[in-house]
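>>> kindly generate the corresponding structure for this input.
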Amino acid sequence: MSDRDAVLATLDEYAAAYCAKDLSRLMDIFADGEDISLIGTGADELCSGRAEVASVFERNFRDATATQFEWQWTDVAIHGSAATVAITLNIHLILDDENLVVPIRWTVSLVKTDAGWKWVHRHASAAAGSQEEGAAYPTGGD
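Numbers count the residues shown, from 1 in each chain. Below is the predicted model:
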């Protein structure tokens, strides 16, 4: 398997673990040790270390059930033993008995270890709804 394919396979493993609400499997995708971080879409989702990262996933699992990750635009850059994935996706969720589709943007930083490619950071964001197409900055709207 090429490095690019191995890096992308970690995304599928993440999606499967997340949809199964399998915290242990999800945390295995990250590098060993405390030097991992996560930025989520919530204002309070600025996390470093295993306990903080795991706590975000635990809250997500309590609040909703993901049923599918729909990968879209993808860019993979590999430089030696480091890789960055920039990707857009739709997460299909069940929240309060409603089916939702949440569009997200991710940046994932990975390192190549003896155990394969492992995540060290994941940043999630939503596109600014008040930013007009072709404009450099959002306006004061939604």
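>>> just for this protein, where's the confidence low?
Low-confidence segments of the chain (pLDDT under 70): 130-131, 136, 141-142.
>>> which helix runs longest in it?
When the chain is parsed with DSSP state H, its longest helix is helix 3-19.
>>> so which elements touch that one?
The contact analysis (3 or more Cβ pairs under 8 Å, 6 or more residues apart in numbering; DSSP states H and E) places helix 3-19 against helix 23-27, strand 65-79, strand 82-95, strand 98-113, strand 116-125. Quick note: C-beta positions are derived from backbone N, CA and C, even for glycine.
>>> Gly42: which of the ones you listed is closest?
If you check each of the helices and strands packed on helix 3-19 against Gly42 by Cβ to Cβ, strand 116-125 wins as the nearest, at 9.2 Å.
>>> Lys118 is in contact with Ala6, correct?
No - contact between Ala6 and Lys118 fails when scored by Cβ atoms under 8 Å: they sit 10.7 Å apart.
>>> quick one, which of those two is more surrounded?
Lys118 (18 against 15; other Cβ atoms under 10 Å).
>>> what count of nearby residues applies to Ala83?
22.
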